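Undergrad: here is my input, please return the structure:
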Amino acid sequence: MNEQPEQKTTVLVVDDDRPLRRQLRWALADSHRVLEAETRAEAVEQLQCERVDVVLCDLHLPPDLDGIEEGLAVVEAARNMRPSVPVVVITGGDAKKSALEAIRRGAYGFFEKPFDEEEVSHIISQAARVRRLEAEVLRLRSELDMFRGFGRFIGASPVLERVLTQARAVADTNATVLLTGENGTGKEVLARAIHEESSRASGPFVAVSCAALPESLIESELFGHEKGSFTGATQARKGRFELADGGTLFLDEIGELSTAVQVKLLRILQERAFERVGGTRTLEVDIRLIAASHRDLEREAEAGTFRRDLFYRLNVVPLHLPPLRERREDVPLLAAHFAAKAAEKHKRATPELESALLEALQEYDWPGNIRELENVIERLVVLTGESRLNAEFLPEKMSRAVPGETPAAPAGDETTLEGATLALRRRMVVNALQAEHGNKAAAAKRLHISRSYLHRLITELHINGA
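TA: So this is what the prediction gives:
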């Protein structure tokens, strides 16, 4: 594929001296697109109408050729209208003070008359390079912003949108949030998004996995400890609550906390105060708490395995993240995102995903949810190494979901769809649908075929009411 030629830098030359403008045009025309203006008004018009990368401006412009106010006004107009466009000013050899005033007002640099053409070309090229770098920084920042906050979530399924709508409503408050959902559904991602969309975004986001902390260290990790409070405590240490002061504390798998820690946590939620382990001084913190669990804490509270009063304190705003099998329409978008991510990680070209693969991915129930999908896609990118991803290297448990593929059966084996007569095949499909009360996904699983293949059989066998 032929590369597009690099677009020339556009330079706006502002000077009432026509011979000087012509000289500058000749000096710059080979590498730059040159526009001209004689007055401040013409310069402003060009800035409004044209894509300008660099402004080259004489400080002495009509109607006040003796002063520099008109030239400075061009500098300020450019900075106000196009903040990223550098302005280089032209001045006489005895007017460095004027040039320095222009730089103080926002000019990128200056050169003196009479000028050297190579010097002018060099300073214009440097200014244009600064312009390109600033534009690239803005582009990258814009891309990063897309993956901050709720931009982290990929998909447009109704169940996901419902959760995100509620999360947006609660983000810029101090309300405690309880996130529930299966492992791998993105609870920490949602917690971080809520923090980033809140007024606490400039403060710390501290995440703690309660399940990963040994029971003997949980209190010290959460609340900190004083020197000598236990064997090995050789110095005082801040806990996660202190580290999260002014920001958000995310307690993942909060259902794993012992009853003693639950009691202490309840007090903090009520009073926003606590003592370090081994300490007597009461510490106050300003935090927003987001908790998460894959377990049903309400049921555990009723059973007495989780403190009921703590559950009510946590359950101010409950948000439930749906499993991936309940948002299958999001799978192709997520798969494409993870394919691009894996390709970048392994220095491969971003691959396309074949329709048969996408259909197989949508057929699968994803017990590991988004985390499992990401791992599967990375596996395909690594093993395939081509511009298109297909279902060849899918795990065995998923390959059965590839459309049109069914387990091989010996000829005449009437215990399988492939070996059955047409009439028997129809009866097997009807019986499976009746046994699963019309649920096609469950019926397909019962028959050991994909849903798309079941739909095709329903059409081919003229099964009505299915």
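
Undergrad: assumed Val89 was part of a helix.
TA: No - using DSSP: H, G, I helix; E, B strand; the rest coil, the assignment for Val89 is strand, not a helix.

Undergrad: what pairs with it across the strands?
TA: Cys57, Phe110 (DSSP bridges).

Undergrad: how much space separates the residue located most distally from the centre of the chain from Leu56?
TA: Centroid-distance maximum for the chain: Asp66 at 54.5 Å, with C-alpha atoms, centre = their mean. Relative to Leu56, Asp66 is positioned 21 Å away (C-beta to C-beta, to the nearest Å). Every C-beta, even on glycine, is put in place using the N, C-alpha and C of the backbone.

Undergrad: please apply the same query to Pro158.
TA: From Pro158 across to Leu56, the span is 55 Å (C-beta to C-beta).

Undergrad: these two: which has the busier surroundings?
TA: Between Pro158 and Leu56, counted using other C-beta atoms under 10 Å, the more crowded position is Leu56 (26 against 10).

Undergrad: tell me how many other residues crowd Ala303.
TA: Neighbour tally, Ala303, other C-beta under 10 Å: 9.

Undergrad: double-check that Leu334 belongs to a helix.
TA: Yes - applying three-state DSSP, one finds Leu334 inside a helix.

Undergrad: that one reaches Arg371, doesn't it?
TA: No - using C-beta atoms under 8 Å as the test, Leu334 is too far from Arg371 to be in contact (11.0 Å).

Undergrad: looking at these two, which is more packed in?
TA: Of the pair Leu334 and Arg371, Leu334 is the one with more neighbours under other C-beta under 10 Å, namely 19 against 14.

Undergrad: check contacts around that one.
TA: Counting by C-beta atoms under 8 Å, 6 or more residues apart in numbering, Leu334 touches Ile154, Gly155, Leu324, Ile370, Leu373, Glu374.

Undergrad: roughly how far does Ser158 sit from Arg451?
TA: Just so we're on the same page, residue 158 is Pro rather than Ser. 20 Å.

Undergrad: oh, I was asking about Ala43
TA: Distance from Ala43 to Arg451, by C-beta to C-beta: 65 Å.

Undergrad: tell me which of these two has more neighbours.
TA: Higher neighbour count among Ala43 and Arg451: Ala43, with 27 against 19, using other C-beta under 10 Å.

Undergrad: low pLDDT regions in the protein?
TA: Along the chain, the parts satisfying pLDDT under 70 run over 1-7, 93-95, 136-148, 399-421, 423, 465-466.

Undergrad: picking up where we left off before, test my guess that the residue farthest from the centre of the chain contacts Ser98.
TA: No - using C-beta under 8 Å, Asp66 is not in contact with Ser98; the gap is 11.4 Å.

Undergrad: so which elements touch the helix or strand hosting Arg371?
TA: Element membership of Arg371 [criterion: DSSP states H and E] is helix 369-384. Secondary-structure packing of helix 369-384 (3 or more C-beta pairs under 8 Å, 6 or more residues apart in numbering; DSSP states H and E): helix 331-345, helix 355-363, strand 388-389.

Undergrad: tell me the buried residues in the first one?
TA: Applying a neighbour-count criterion of 16 or more other C-beta atoms under 10 Å, one finds Val331, Pro332, Leu334, Ala335, Ala336, His337, Phe338, Ala339, Ala340, Ala342, Ala343 buried in helix 331-345.

Undergrad: which residues sit in contact with the fourth one?
TA: Read that as Ala335. Residues near Ala335 by C-beta under 8 Å, 6+ apart: Leu353, Leu357, Leu358, Leu361, Leu373, Ile377.

Undergrad: mind listing the strands for the chain?
TA: Counting by DSSP state E, the chain has strands at residues 9-14, 32-37, 54-58, 87-92, 109-113, 177-180, 205-209, 248-252, 273-275, 282-284, 288-293, 317-320, 352-353, 388-389.

Undergrad: mind checking which of these is nearest Arg129?
TA: strand 9-14 (9.1 Å; C-beta to C-beta).

Undergrad: and of the strands of the chain, who's closest to Glu242?
TA: Shortest distance between Glu242 and the strands of the chain, using C-beta to C-beta, is found for strand 282-284: 6.6 Å.

Undergrad: can you name every helix or strand that the closest one contacts?
TA: For strand 282-284, the packing partners by 3+ C-beta pairs under 8 Å, 6+ apart are strand 273-275.

Undergrad: can you list the strands that the strand it packs on pairs with?
TA: Going by DSSP bridges, the partners of strand 273-275 are strand 282-284 (antiparallel).

Undergrad: pull out the buried residues from the partner strand.
TA: Buried, per 16+ other C-beta under 10 Å, within strand 282-284: Leu283.

Undergrad: what does it contact?
TA: With contacts defined as C-beta under 8 Å, 6+ apart, strand 282-284 is touched by Glu242, Arg272, Ala273, Phe274, Glu275, Arg276.

Undergrad: now with 6 Å?
TA: Contacts to strand 282-284, defined as C-beta atoms under 6 Å, 6 or more residues apart in numbering, come from residues Arg272, Ala273, Glu275.

Undergrad: just give me how far that strand sits from the chain centre.
TA: Relative to its chain's centre, strand 282-284 lies at 36 Å (C-alpha atoms, centre = their mean, to the nearest Å).

Undergrad: go on, stretch 199-214?
TA: Here stretch 199-214 is found 19 Å from its chain centre; the criterion is C-alpha atoms, centre = their mean.

Undergrad: which parts of it are buried?
TA: Quick answer for stretch 199-214 (16+ other C-beta under 10 Å): Arg200, Ala201, Gly203, Phe205, Val206, Ala207, Val208, Cys210, Leu213.

Undergrad: using PDB, list the CA coordinates for that stretch.
TA: As requested, the backbone C-alpha atoms of stretch 199-214 are provided in PDB (Å, rounded to 0.1, in the frame of the first residue of the first chain):
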ATOM      1  CA  SER A 199     -15.100  15.000  42.600                       C
ATOM      2  CA  ARG A 200     -12.500  12.800  44.400                       C
ATOM      3  CA  ALA A 201     -10.800  11.900  41.100                       C
ATOM      4  CA  SER A 202      -7.700  13.900  42.000                       C
ATOM      5  CA  GLY A 203      -7.400  11.900  45.300                       C
ATOM      6  CA  PRO A 204      -6.100   8.300  45.700                       C
ATOM      7  CA  PHE A 205      -8.000   5.200  44.600                       C
ATOM      8  CA  VAL A 206      -6.900   2.400  47.000                       C
ATOM      9  CA  ALA A 207      -8.000  -1.200  46.100                       C
ATOM     10  CA  VAL A 208      -7.900  -4.000  48.600                       C
ATOM     11  CA  SER A 209      -8.700  -7.600  48.000                       C
ATOM     12  CA  CYS A 210     -10.000  -8.800  51.400                       C
ATOM     13  CA  ALA A 211      -9.700 -12.500  50.200                       C
ATOM     14  CA  ALA A 212      -6.000 -12.100  49.500                       C
ATOM     15  CA  LEU A 213      -5.000 -10.900  52.900                       C
ATOM     16  CA  PRO A 214      -4.100 -13.400  55.700                       C
END
